[in-house]
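In: Structure for this input, please:
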Amino acid sequence: MLPDLCRGNPFRFVVAMREALESNYVSQNICKWIDYIFGYKQLGPDAERSLNTFSNVTYEDKVDLEKLAESDPHLAESYKL
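Out: This next block holds a predicted model:
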């Protein structure tokens, strides 16, 4: 389902997303997003200070599949690729 601004037209959606991604705001702030997702603001005090609210299970090395498999085999299976 597409947002209302696209009026059901996938082409309008692509144009709107491209305009948003190429905007001055995004150009000036994308480095902050990169720090949140991949950089020093992922975890720890810097993440807390910057109010990074991503769950730690979204980071690849933060889920212990072996321990998870012991407690809930079905949930562990859903994490495997």
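In: Can you tell me how far residue 50 is from residue 15?
Out: 32 Å (CB to CB, to the nearest Å). C-betas here are computed from N, CA, C, even on glycine.
In: How about residue 9?
Out: According to CB to CB, residue 9 stands 9 Å off from residue 15.
In: Same question for residue 51.
Out: Applying CB to CB, the value for residue 51 to residue 15 is 32 Å.
In: The two: which is more packed in?
Out: Neighbours were counted for residue 51 and for residue 15 using other CB atoms under 10 Å; residue 15 has more, 12 against 8.
In: if I read this right, residue 26 contacts residue 20, doesn't it?
Out: Yes: between residue 26 and residue 20 there is a contact at 6.6 Å, judged by CB atoms under 8 Å.
In: pLDDT score for residue 56?
Out: Model confidence at residue 56, given as pLDDT, is 66.
In: Okay, buried residues for stretch 37-50 please.
Out: 41-42, 47 (16 or more other CB atoms under 10 Å).
In: what's near enough to touch residue 47?
Out: By CB atoms under 8 Å, 6 or more residues apart in numbering, the residues touching residue 47 are 36, 41.
In: The residue nearest to the spatial centre of the chain - nearest residue in space that isn't next to it in sequence?
Out: Centroid check for the chain by CA atoms, centre = their mean gives residue 37 as the closest residue, at 6.9 Å. Leaving out its chain neighbours, the residue that sits closest to residue 37 by CB to CB, 6 or more residues apart in numbering is residue 54, at 7.5 Å.
In: how about the one you found, secondary structure?
Out: coil (DSSP: H, G, I helix; E, B strand; the rest coil).
In: ok, it - contacts?
Out: 36-37, 42.
In: Show me what the mean pLDDT comes to for the top helix by length along the chain.
Out: In the chain, ranked by residue count with DSSP state H as the criterion, the top helix is helix 24-37. Confidence over helix 24-37 (mean pLDDT, whole number) is 90.
In: Can you mark which positions in that helix are buried?
Out: Buried residues in helix 24-37, counting neighbours by 16+ other CB under 10 Å, are found at 35-36.
In: can you give me the helices in this protein?
Out: Under DSSP H, the chain gives helices at 10-21, 24-37, 44-49, 65-71, 73-79.
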